[in-house]
Structure formats: structure tokens, C-alpha cells
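Q: got a structure for you, letters missing:
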């Protein structure tokens with residue numbers, strides 16, 4: 001059942017304050033019934049989705065985010081991070097990352113070399129959250145998404 005239908009059924013109990021004295025019949029909801037799972041709550045990821053992404057591999061995930069790997073960001077002649085060039089697909093809606101942000105670590109792991117990026121990516125399979133440290137306009141930020149078991 002789609003989330004709109006759940007809201008109608010749970011929030012209104014099917015009646016929404018209707019009484020016997022009402023002159024007009026209640027309008028039936030227009031939501032369609034679907035077997036698709038409900039999206040996870042904002043700021044959270046389902047463990048099953050994380051495991052699916054990890055099993056598909058880092059290369060598969062990187063289809064959805066493009067980093068400027070040809071021009072790593074350096075500070076004091078040392079690696080600082082990779083700049084996000086593009087976010088692809090609708091899965092980024094509501095996620096506070098945007099092109100131009102410089103990702104410096106994932107779950108505390110550096111991402112300078114491919115094996116470090118792989119270790120960071122695979123760490124999400126057993127982590128309680130996905131934490132991305134990044135810089136935007138000179139300000140350090142952290143994105144945190146809890147991983148929930150359902």
C-alpha cells in the first residue's frame with residue numbers, strides 16, 4: 001500500500017470526522033495501492049538497501065555521483081578531498097550534498113586512494129550510520145544517515 005493510502009487510513013481511521021448528518025458523501029482517496037516498500041524515514045537508510053548497494057560494488061554506486069578525480073583538492077600540498085562534480089538520479093533529493101562540495105572522508109575513512117575509498121564504502125555494511133565529512137564554501141560539514149534494521 002502506498003504511503004498516501006497509509007496516511008488516509010491511519011490518520012483518518014477511514015472516516016475523517018464524518019457524521020450521520022453529513023449531506024455529502026465522503027470523497028474516496030485517489031491514492032493507488034502499491035506493493036512498493038515505503039521509503040525510509042528522512043535521514044535514514046534501510047540496512048537491506050545498504051547491503052544491496054555494497055554487494056553491487058563501489059563502481060555501481062559511483063554511477064550516481066561523479067567526483068573530479070583528475071583534480072584532487074590539496075591543502076598545504078597534502079590531499080584534502082575530492083570535489084563532487086555531479087549528482088545523478090533522484091536518490092539525492094533531501095540529502096545535503098551538492099556539486100562543488102569537497103568530500104574528505106566517509107565513516108572516518110580517508111578516500112585518497114582507491115583502496116581507501118573501497119574500505120570506506122564496505123564499512124557501511126556493518127556500520128550504524130553513514131557519515132560523510134565534507135567542505136562547502138570553506139565550512140566543514142558532516143552528513144549523517146542512520147542505518148536502520150527492518
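A: Sure thing, it's come through. Just so you know, these numbers come straight off a predicted model, no measurement behind them.

Q: How is the protein partitioned into domains?
A: 1-38, 39-148 (automatic domain parsing).

Q: all helices of this protein, in order?
A: 3-12, 47-56, 58-61, 114-123 (DSSP state H).

Q: And those: which comes nearest residue 77?
A: Nearest to residue 77, of all those, is helix 114-123, at 18.8 Å by C-beta to C-beta. C-beta coordinates here come from the backbone N, C-alpha and C atoms, glycine included.

Q: All the strands of this protein, residue numbers only.
A: 44-46, 65-67, 73-75, 78-87, 102-106, 109-110, 129-136, 139-148 (DSSP state E).

Q: coming back round to it: make CSV from the helices of the chain and add mean neighbour count and distance to residue 149 to it.
A: Conversion of these to CSV gives the following (neighbours: other C-beta atoms under 10 Å; distance: least, C-beta to C-beta, whole Å):
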stretch, mean neighbour count, distance to residue 149
helix 3-12, 13, 20
helix 47-56, 14, 5
helix 58-61, 12, 21
helix 114-123, 16, 17
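
Q: Lowest average confidence across those, which one?
A: Lowest mean pLDDT of these: helix 3-12, a mean of 24.

Q: ok, and the closest non-adjacent residue to residue 128?
A: Nearest residue to residue 128, sequence neighbours excluded (C-beta to C-beta, 6 or more residues apart in numbering): residue 147, at 5.9 Å.

Q: Give me the residue ranges of this protein where confidence is low.
A: Counting by pLDDT under 70, the chain has low-confidence residues at 1-42.

Q: If we use 90, what do you get?
A: 1-44, 61-62, 90-95, 150 (pLDDT under 90).

Q: Just name the most buried of the strands of the chain.
A: strand 102-106 (a mean of 20; mean count of other C-beta atoms under 10 Å).

Q: Next, the angle strand 78-87 makes with it.
A: Using axes from the mean of the first three to the mean of the last three C-alpha atoms, to 10 degrees, the inter-axis angle of strand 102-106 relative to strand 78-87 is 110 degrees.

Q: other SSEs contacting strand 102-106?
A: Applying 3 or more C-beta pairs under 8 Å, 6 or more residues apart in numbering; DSSP states H and E, we find strand 102-106 packed against strand 78-87, helix 114-123, strand 129-136.
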